[in-house]
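# need a 3D model of the sequence below.
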Amino acid sequence: MAEKRREKQQRNKWLRLLRSGDHKAFAELIDKYKEMVFLCCRRLGLRDDEAEDVASETFLAAYNGLSRYSGRAELSTWLWGIAYRQGINYLRKNRRQWQLEPELDERIADSKQRGPAAAVQSREIEKIVWEVVERLPRLWALAVILHYREEKGISDIAKIMQIKENTVKTYLFRGRERLKEMLAAAFEEDY
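Numbers count the residues shown, from 1 in each chain. Alright, predicted model coming up:
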């Protein structure tokens, strides 16, 4: 209990420093969350150069919006939401078309020839699953990634994606169903 209190006090002190404009604290924020922001950008299908631009805009928006951060949601959830909105805005502005039914990655298709016995090890299977998740329609994939990889709850995902909780549940359901189909096709088995 005392440890949690100490962590909360440290986090509040850090947030006060951030809100006061402390550059060292902001550099820590960037360092701590840059991988997560890039992950969000990559999940939206942005190339590396585009992801860098969107990440810069995300951290700028976070810096300008720190005074509005209430602390009700985790800081990572708040930042993911900013990164998601910045990425969506970038895609809209640049009129990139979102692919609705992407094809399986060639590596997944190649796994058919090796069969599931060659991919028994947990890490290989996990890698294949996440590669297939990336081939889901973008919004489904983002919901699946936020829920299963980032361990966000339905309400947090709804806030991040700015959609209703029932829509998140629908995306998760459809994403899991499509994932089962794609994995079954990849391994020539029914899951």
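# ok, Gly81 - contacts?
By Cβ atoms under 8 Å, 6 or more residues apart in numbering, the contact list for Gly81 reads 73, 159-162. (C-beta placed from N, C-alpha, C; glycine too.)
# tell me the predicted confidence for Lys180.
We have a pLDDT of 87 for Lys180.
# that one: how many residues sit nearby?
13 (other Cβ atoms under 10 Å).
# can you give me the neighbour number for Asn94?
Asn94 has 9 nearby residues by other Cβ under 10 Å.
# so where do the helices sit in this structure?
Counting by DSSP state H, the chain has helices at residues 2-19, 23-43, 48-65, 75-93, 106-114, 122-133, 138-144, 154-161, 165-187.
# can you name every helix or strand that the longest one contacts?
Read that as helix 165-187. Applying 3 or more Cβ pairs under 8 Å, 6 or more residues apart in numbering; DSSP states H and E, one finds that helix 165-187 contacts helix 106-114, helix 122-133, helix 138-144, helix 154-161.
# lowest-pLDDT helix or strand in the chain?
Within the chain, no helix or strand scores below helix 106-114, which has a mean of 47 by mean pLDDT, DSSP states H and E.
# about what we covered before: who wins for neighbours among the contacts of Gly81?
In terms of neighbours by other Cβ under 10 Å, the contacts of Gly81 top out with Ile160 at 26 neighbours.
# still on that earlier bit, can you put the contacts of Gly81 in TSV and add distance to Leu46 and pLDDT?
TSV is the format used below for the contacts of Gly81 (distance: Cβ to Cβ, whole Å; pLDDT from 0 to 100):
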residue	distance to Leu46	pLDDT
Ala73	24	77
Lys159	21	87
Ile160	16	86
Met161	16	86
Gln162	18	86
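# give me the local confidence score for the residue nearest to the spatial centre of the chain.
The centroid of the chain falls nearest to Cys40 when counting by Cα atoms, centre = their mean (4.2 Å). In this model, Cys40 is scored at 86, pLDDT.
# check Pro116 too.
45.
# what residues are up against Val144?
Counting by Cβ under 8 Å, 6+ apart, Val144 has contacts 133, 136, 171-172, 175-176, 179.
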